[in-house]
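J.: Here's my sequence, what's the structure:
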Amino acid sequence: MATDHIRYDVLARDALRGVLRRVLIDAAEHGLPGEHHFFITFVSTADGVKLSPRLLAQYPEEMTVILQHQFWDLVVTEDRFEVGLSFNGIPERLVVPFNSIKSFFDPSVQFGLQFEPTEASAAETADAETPAASAASALAAPAAAPAPQSDDEPAKPSEGAEVVRLDRFRKK
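T.: Residues are numbered from 1 along each chain as shown. This next block holds a predicted model:
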């Protein structure tokens, strides 16, 4: 297989993270329109993630938060977002870098994005993956909406989504 000097996988991943960033910027500026709400799953131990020790103990590997009715002070920067959420009635401030995000899902329109670990975190967790596969981004196709959850409890999106990997379409 030829070497990809352009790194289309990295360009595609960054473009999809740009979609996520733009959606969060709009939500911070104008609120969530209509029935839109977001499930965001991230690696809780990734560099730059800031959680209380209580939440980190409860979610030592990954965490899913829901941005719907009860969140506040959403701030979006070039490389991360910060948000206030309540967990079991206790207010918390989370800092989540975009490169720690594993998935984004808006069940109101059945839209989702799934991200593989970036090269830096992939090298730490799985030497068996190829560089192209470890950096590939994927789109989650429409699936059944997840069961309604309390805003106080993190939840995971439905497992029924079909994941289409962008690297499937590369010439080999």
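
J.: Rounded mean pLDDT for the helix ranked longest in the chain, please.
T.: Ordering each helix of the chain by length in residues (DSSP state H) puts helix 8-30 first. What helix 8-30 shows for mean pLDDT is 94.

J.: which strands and helices sit next to that helix?
T.: Packing partners of helix 8-30 (3 or more CB pairs under 8 Å, 6 or more residues apart in numbering; DSSP states H and E): strand 38-43, strand 71-76, strand 80-87, strand 101-106, strand 111-115, helix 131-135, strand 137-140. Backbone N, C-alpha and C define where each C-beta goes, glycine included.

J.: Show me the one of the ones you listed that comes nearest Pro60.
T.: Closest approach to Pro60 among the helices and strands packed on helix 8-30 (CB to CB): strand 38-43, 10.4 Å.

J.: now the closest one against strand 71-76, angle please.
T.: Counting by axes from the mean of the first three to the mean of the last three CA atoms, to 10 degrees, strand 38-43 points 70 degrees away from the direction of strand 71-76.

J.: what angle separates strand 38-43 from helix 8-30?
T.: Using the same axes, to 10 degrees: strand 38-43 against helix 8-30 is 130 degrees.

J.: Which secondary structure elements does strand 38-43 sit against?
T.: Applying 3+ CB pairs under 8 Å, 6+ apart, we find strand 38-43 packed against helix 8-30, strand 62-67, strand 101-106.

J.: partners of it in the sheet?
T.: strand 62-67 (antiparallel), strand 101-106 (antiparallel) (DSSP bridges).

J.: Measure how that strand sits relative to strand 80-87, angle-wise.
T.: Strand 38-43 and strand 80-87 meet at an angle of 110 degrees, taking the same axes, to 10 degrees as the criterion.

J.: how about strand 38-43 as PDB, C-alpha atoms only?
T.: Extracted in PDB, the C-alpha atoms of strand 38-43 (Å, rounded to 0.1, in the frame of the first residue of the first chain):
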ATOM      1  CA  PHE A  38     -26.200  15.900  22.800                       C
ATOM      2  CA  PHE A  39     -24.600  12.700  24.200                       C
ATOM      3  CA  ILE A  40     -20.900  13.300  24.400                       C
ATOM      4  CA  THR A  41     -18.600  10.400  25.400                       C
ATOM      5  CA  PHE A  42     -15.000  11.100  26.200                       C
ATOM      6  CA  VAL A  43     -11.900   9.400  27.800                       C
END
